[in-house]
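Trainee: I would like the atomic coordinates for the input below:
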Amino acid sequence: MWNSRMFWRKIAYYISPAKSFRARLILAFALETVISCGIMLVVATVWSYNAQRSTVLSNLGSLSNQAVALFDRVMFERLRELQLASTTPTFASSTNYNTTEAQQYIESMKSSYSDLYAWIGVVGTDAIVKVSTGNVLLGFNTTARPFRSVCLSGGIYFGDVHLAALLTNLISNSTDVPYVTVAVPIRNLTNNDTIGCFLANVYWSWVASEVEESILQCEDSIEMLVLNKTYGILLNSSSPNYNQELLVTNKNVQAQIDSGQQTFEADDWDGVNYLVGSVLTKGYLSFPGLGWIVVLRQSKTAALSAIVEARDILIIVGIALTLLFSITGWLVASQVVKPIMRIVASADGILKGIDLNGNQVETDLLEMEGREADSSRHISVRILPKPNSTLQRRRYEEGDVNILLESLENLSSALKSESELRRQKKALERGIRDQTAKLEEVISDQQIIQDILSNTLPDSIIERLKRGEKFIAEQLEDVTMFFSDIVGFTTISSSISPLEVVTFLNEIFTKMDQLAGQYDVEKIKTIGDAYFGVGGLFITTEADSHEHRRNVATQVLNFSLDVIAAIEDINNSGRYPSKFQLRIGVNTGPVIAGIIANKKFAFDLWGDAVNVASRMESTGTPGRIQVNRTTYKLTKGNFEFVKRGQVKVKGKGDMITYWLIGRCSREKVTRVKSLGTMTRDESDDDSPHRNSF
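Mentor: Numbers count the residues shown, from 1 in each chain. Next up, the predicted model:
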């Protein structure tokens, strides 16, 4: 039996976005389409309008320039024709020319250009017309005409467009034909005196049609106006009749033209909004121009008609897309609503512990990872059941979205315990992450401490300290020690700023640290401007072999030469006002190495060999490297030395020392510039092969 009440409930359900998910989705699709199409329509219309406006203005400006060029060229051609005619012997030989011959000449000229010249005549110096085509105005006195004074004084006359009523009436029985008067002087071929004027009235309609046909042949919606200096309208392409009283009275147009604007917009010009291009005539070659203004205008309606058509098409497309997406939304919503209602049915069944067919659902609580179940309920998801008639009735009355939200809310309440367990799990995971971050921070701090120790102590000493050794001391038989000192550093430091002192020390010591790492030299310490380094420290492989001692000493001497070169580079850079020099001393011998003190402990070397190395530096000279006999004998095959001789060393007496000059190679001896050279007499007596390899 048909239930009208249920029918209207269904209708209300289907069209109400508040109840029906289908209606809500359709509305969303429609609104999205309308908004998107609206935005695209506005953007496309504005962009297209501006682009089309710029294109039309550019076209009008270009056509205006072409029209001006054509006007000037046409008028120049008429001027040239008259000038050529005025120089023929028929007119330029004398004032007593043959009138019959002159009459034939001008009649022939007029007939050749019947559409161009309305009348041609010759005026004498007495202002009387001597010869004229058709004998029109023959004998007429032109004293009152403006061309006479200009022409007889030797100038070229171009009149503005005007209605020559007398001439027009004599020629065609009409008074509304406009002309342009052109007059050129006739000069005597013998003495160049002005003996008359060659005068012609040119049909203005012919000139205008020449330009119109060339410029506007494919531009039906564009009007061309030619204005004189007072904004009188000489030509209007849309109005074939000439009216000398017509003026452009629009102040905005006049202001734009006066300012030199070639393209502009003119609103409410003769009741129409126009896009305008205007150019002032400039003349051509000997034609000076008449000061005319060529204006091309096109109504905005015509210029932008394509944009309006495109806009209308976009509106139609937008409406079609809205309908299409609405239908799509309906179909999609139909497929979405079915599983929604099944979800609702399942949620109700879960809460009641039974499915919609009346069967008991297997349940016990969801077991969490690492936690035991506190009851026997487990939420088990089977195939989603179909909604029964009761649920369908609720759907029509309350709406599918509302009953879905209600069912999910009830289900979420039942799962609060699960949410609490998940929260506790997340808290535990967060605690583990925090502890891991702290552990990583501790490891990072330990790495920083390790780096600091590595820059302070040799690696072998660090390892022994890690093993718990408290007292570390070791006898090393053969190491090569390096001492350096900046000469006159106290005096130099007093002459430069503290910042420059620290900057220089940092630069040279950083460079020395870099070179020390390159040559396996261990930096022991720096005191003030002094640097103490040693090679061959804690090397266990064949530590007592001669080759090992030689290699260690060679590395230290290479290090010394590169340090001298580095000082030269710093001095040559010009960064410091003073020049710096080093004294360097090198010695090879046995030492004791170890750590002293238990607070701020330091690694150091002791022994007689250390003192001798220090004395090699202190007894040296600026810019030189002084070595003792032991180091010399170990490395004399690899380096060039010069014997210094006996040097009194405190605590040791007289010792023979040597200056290190440079490295030896098979091709040449490489010397550091600042070390200089010495004579052969200064060489070691027992070293005849100081350049040997």
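Trainee: now the stretch 401-550 of the chain, which segments are flagged as low pLDDT?
Mentor: For the stretch 401-550 of the chain, the stretches with pLDDT under 70 are 401-412, 414-415, 417-418, 447-462, 464, 467-471, 538-544.
Trainee: need the helices for it, in chain order.
Mentor: Assigned by DSSP state H, counting those that start in this stretch, the helices in the stretch 401-550 of the chain fall at 416-456, 459-466, 489-495, 498-518, 546-573.
Trainee: okay, the ones you listed, which one's buried deepest?
Mentor: helix 546-573 (a mean of 19; mean count of other CB atoms under 10 Å). Where you see a C-beta, it was placed from the backbone N, CA and C, and this is true even at glycine.
Trainee: so what does the helix or strand just after that one touch, helix or strand wise?
Mentor: With elements assigned by DSSP states H and E, the helix or strand that comes after helix 546-573 is strand 582-596. If contacts are counted by 3 or more CB pairs under 8 Å, 6 or more residues apart in numbering; DSSP states H and E, strand 582-596 sits against strand 473-486, helix 546-573, strand 602-606, helix 608-618, strand 625-628, helix 629-635.
Trainee: Of the helices of the stretch 401-550 of the chain, which is nearest Tyr97?
Mentor: helix 546-573 (95.9 Å; CB to CB).
Trainee: Now do the closest one and helix 498-518, the angle between them.
Mentor: Relative orientation of helix 546-573 versus helix 498-518 (axes from the mean of the first three to the mean of the last three CA atoms, to 10 degrees): 150 degrees.
Trainee: centre of the chain versus helix 546-573, how much separation?
Mentor: Taking CA atoms, centre = their mean, to the nearest Å, one finds helix 546-573 lying 50 Å from the centre of the chain it belongs to.
Trainee: re earlier: least reliable of the helices and strands packed on strand 582-596 going by mean pLDDT?
Mentor: When those are compared on mean pLDDT, strand 602-606 scores lowest, with a mean of 82.
Trainee: Relative to the whole chain's centre, how far out is that one?
Mentor: 60 Å.
Trainee: Okay, now the sheet partners of it, with direction.
Mentor: The pairing partners recorded for strand 602-606 under DSSP bridges are strand 582-596 (antiparallel).
Trainee: Show me where the stretch 101-250 of the chain has its strands.
Mentor: 117-124, 129-132, 157-158, 162-163, 178-187, 194-203, 222-227, 233-236 (DSSP state E, counting those that start in this stretch).
Trainee: could these go into JSON lines alongside mean neighbour count, distance to Phe489 and mean pLDDT?
Mentor: Converted to JSON lines, the strands of the stretch 101-250 of the chain look like this (neighbours: other CB atoms under 10 Å; distance: least, CB to CB, whole Å; pLDDT from 0 to 100):
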{"stretch": "strand 117-124", "mean neighbour count": "24", "distance to Phe489": "106", "mean pLDDT": "86"}
{"stretch": "strand 129-132", "mean neighbour count": "22", "distance to Phe489": "113", "mean pLDDT": "86"}
{"stretch": "strand 157-158", "mean neighbour count": "20", "distance to Phe489": "95", "mean pLDDT": "82"}
{"stretch": "strand 162-163", "mean neighbour count": "16", "distance to Phe489": "103", "mean pLDDT": "68"}
{"stretch": "strand 178-187", "mean neighbour count": "23", "distance to Phe489": "99", "mean pLDDT": "84"}
{"stretch": "strand 194-203", "mean neighbour count": "24", "distance to Phe489": "101", "mean pLDDT": "85"}
{"stretch": "strand 222-227", "mean neighbour count": "22", "distance to Phe489": "90", "mean pLDDT": "80"}
{"stretch": "strand 233-236", "mean neighbour count": "21", "distance to Phe489": "96", "mean pLDDT": "73"}
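Trainee: What strand or helix carries Arg24?
Mentor: helix 21-86.
Trainee: and that helix with strand 194-203, angle?
Mentor: Going by the same axes, to 10 degrees, helix 21-86 makes 150 degrees with strand 194-203.
Trainee: between helix 21-86 and strand 178-187, how big is the angle?
Mentor: 40 degrees.
Trainee: gap between helix 21-86 and the chain center?
Mentor: Using CA atoms, centre = their mean, the offset of helix 21-86 from its chain centre is 30 Å.
Trainee: now stretch 149-159
Mentor: For stretch 149-159 - counting by CA atoms, centre = their mean - the centre lies 61 Å from the chain centre.
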